[in-house]
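# Dropping the sequence and predicted coords here.
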Amino acid sequence: MTSTDQTPLAGPSSSKIEVEGMAATEARQLLAQRVLHGRLPNTGEQQALDQLATRLHRWPLALELAAGYLLTTHLDYNDDIPHAVAEFEHLLKRAMDDLPSVPVNYREYPVTVVGAVTMTWARLAARTGAADTMAATALRTAAFLASRQIPVNLLLGCAGETVDQEFPHYATGDPPAGEILRAINRDCLVTLDEQIPISRAGARGPARLLDVTVAMNDIVQFIVRQQVEREGYTDTTLFRAAFSTQAWLGFFATQDDIQLAASLIQHAIAVSELANEISPLSRANALLWGNLAGSLGCLGKWEETTYYLIMEQACLENLPDRDVSGLLIQSYAAMTRALYQLTDHSHHDASLIVEYLEKMIALIPASATRHPEATGESILVASETVRDLVRDGAIHPRLEALASTLKDFQLIIPPSGYGRLVHDRRHRKY
């Protein structure tokens, strides 16, 4: 984006680069190359081009636009460049004097990017049609995700009345999804983006919903998040984004579509960082961090896996008045596997792994009654960790006792058929 506005604007991927005007010789050469197709200008042409460059402050983009305008609107003056340049400003002003296209009170229109986006958002949020209302909710969510390749159906899944589904998506036909997409694109806050690559095997079922994606510039995202904060919708929007993204991640991971889950990781990371900054204590955030860790583990990114497991555990351990034992026991078990993968298997320091094993075992009595499936799967994961430690020759005074305890619990609370299937899919690379 090129702008003369000097208002400082921060964003996760934004920085300001000062662009100076070109030197007089450089500006003349650029105009001559574009307008005269590389021919050297004569004295009159040189003076005319110098005059035009000075009038435009020798800014490269302005010179390019002026050259394009001259070439497309002054075809009769190919051999009379001084005449074309003399007429340029007058004709340009006349071309812009299109009264039907000039908004009422145009002199009050904003002249900065922030002002333009803010005004656009106010118009969008004021519309009351069904498609417009859902489009506004979808665009609020887009501001909290990564800027590129945002699946439209993920946004539509966040725009409904409820997002408490295994796979949040737009499942109704009134208004049609295409009408909502048109409303999303209406104000140019987003643009259509490249499709997410989908394998032939993954093209079945819900994976097709990834077909249409949009992009929202990260500076626009920053401004829209400010508008969402002023509206008082930040917590609601963040919950919808976090819950729906983690649900998509978990769905594709358990369907063995790791490639598709990987395509969503950028969005999970973006929303997780904002969630941690704005509202860290949320069950939706804990689910997001846990599923993000699981997807990263499937990709062999173990340091990142432990990072998000720690975030998940810190959130779960501090959630007030919530039964989180089922989630927490799975997180502790997953941490034992991630730590095992990070260590040198020939020189194990099993102390930290043992610490998490003991935390997990301590939760079994509370978790087994309410969450038997999660408990059974976690016992299976922890048992594999202990088995691998013993096989690698790790030495710790508690390992033998832990192995015996887990074996006894596994007999009492075996993993369900579904739990074992999910475990096999998630841990086949372990």
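Okay, I see it. Note that the structure is a prediction, hence the values are computed from the model and not measured.
# was I right about residue 282 contacting residue 241?
No. Residue 282 is not in contact with residue 241 according to Cβ atoms under 8 Å; the separation is 11.2 Å. Yep, even glycine has a C-beta here, placed from its N, CA and C like the rest.
# Who has more neighbours out of the two?
residue 241 (29 against 18; other Cβ atoms under 10 Å).
# so who does the more buried one touch?
141, 144-145, 158, 271 (Cβ atoms under 8 Å, 6 or more residues apart in numbering).
# who's in contact with stretch 54-69?
Contacts of stretch 54-69 (Cβ under 8 Å, 6+ apart): 2, 19, 21-24, 26-27, 30-31, 34-35, 52-53, 88-89, 92.
# Same check on stretch 224-236?
So stretch 224-236 is in contact with 117-118, 121-122, 125, 139-140, 142-144, 189, 216, 237, 274, 278-279, going by Cβ under 8 Å, 6+ apart.
# hmm, try it at 10 Å
Stretch 224-236 is contacted by residues 11, 114, 117-118, 120-122, 124-125, 136-137, 139-144, 158, 189, 216-217, 237-238, 240, 274, 278-279, 282 when judged by Cβ atoms under 10 Å, 6 or more residues apart in numbering.
# Select from those every entry located in helices.
114, 117-118, 120-122, 124-125, 136-137, 139-142, 158, 237-238, 240, 274, 278 (DSSP state H).
# Skipping adjacent residues, who's closest to residue 27 in space?
Of all residues not flanking residue 27 in the chain, residue 53 sits nearest, at 3.7 Å (Cβ to Cβ, 6 or more residues apart in numbering).
# Can I get the helix or strand containing residue 247 in CSV, CA atoms only?
Here residue 247 sits within helix 234-254, counting by DSSP states H and E. Provided in CSV are the C-alpha atoms of helix 234-254 (Å, rounded to 0.1, in the frame of the first residue of the first chain):
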residue,chain,number,x,y,z
THR,A,234,-14.5,-8.5,21.0
ASP,A,235,-15.2,-11.3,23.5
THR,A,236,-18.0,-12.8,21.4
THR,A,237,-16.1,-12.6,18.1
LEU,A,238,-12.9,-14.0,19.7
PHE,A,239,-14.9,-17.0,21.2
ARG,A,240,-16.5,-17.7,17.8
ALA,A,241,-13.2,-17.6,16.0
ALA,A,242,-11.3,-19.7,18.6
PHE,A,243,-14.1,-22.3,19.0
SER,A,244,-14.7,-22.7,15.2
THR,A,245,-11.0,-22.8,14.3
GLN,A,246,-10.2,-25.5,16.9
ALA,A,247,-13.3,-27.5,15.8
TRP,A,248,-12.1,-27.5,12.2
LEU,A,249,-8.6,-28.4,13.3
GLY,A,250,-9.8,-31.3,15.4
PHE,A,251,-12.2,-32.5,12.7
PHE,A,252,-9.6,-32.7,10.0
ALA,A,253,-7.0,-34.2,12.3
THR,A,254,-9.3,-37.0,13.5
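# My read is that residue 44 contacts residue 81, right?
Yes. In terms of Cβ atoms under 10 Å, residue 44 counts as a neighbour of residue 81; the distance is 7.6 Å.
# more crowded one of those two?
residue 81 (24 against 12).
# how about the more buried one, phi and psi?
Backbone torsions for residue 81, taken as degrees, to the nearest 10, come to phi -60, psi -40.
# quick one: contacts for it?
31-32, 35-36, 41-42, 44-49, 52, 70, 74.
# End to end on stretch 195-215, go ahead and measure it.
For stretch 195-215, the first and last residues are 11 Å from each other (Cα to Cα, to the nearest Å).
# Now do residue 342: how many residues are near it, please.
Counted with other Cβ under 10 Å, residue 342 comes out at 13.
# which of the contacts of stretch 54-69 count as buried?
Among the contacts of stretch 54-69, the ones that count as buried by 16 or more other Cβ atoms under 10 Å are 21-22, 27, 30-31, 34-35, 52-53, 88.
# by contact count, what packs against the strand or helix carrying residue 34?
If you go by DSSP H and E, residue 34 is part of helix 24-35. For helix 24-35, the packing partners by 3 or more Cβ pairs under 10 Å, 6 or more residues apart in numbering; DSSP states H and E come out as helix 43-55, helix 60-73, helix 81-96.
# wait, what's in contact with residue 184?
Neighbours of residue 184 in contact, by Cβ under 10 Å, 6+ apart: 124, 131-132, 134-136, 138-139, 142, 152, 155-156, 159, 190, 192, 214, 216.
# again, only this time at 6 Å
Residue 184 is in contact with 135, 138, counting by Cβ atoms under 6 Å, 6 or more residues apart in numbering.
# which SSE is it in?
Assigned by DSSP H and E, residue 184 falls in helix 177-185.
# buried stuff in that helix?
177, 179-181, 183-184.
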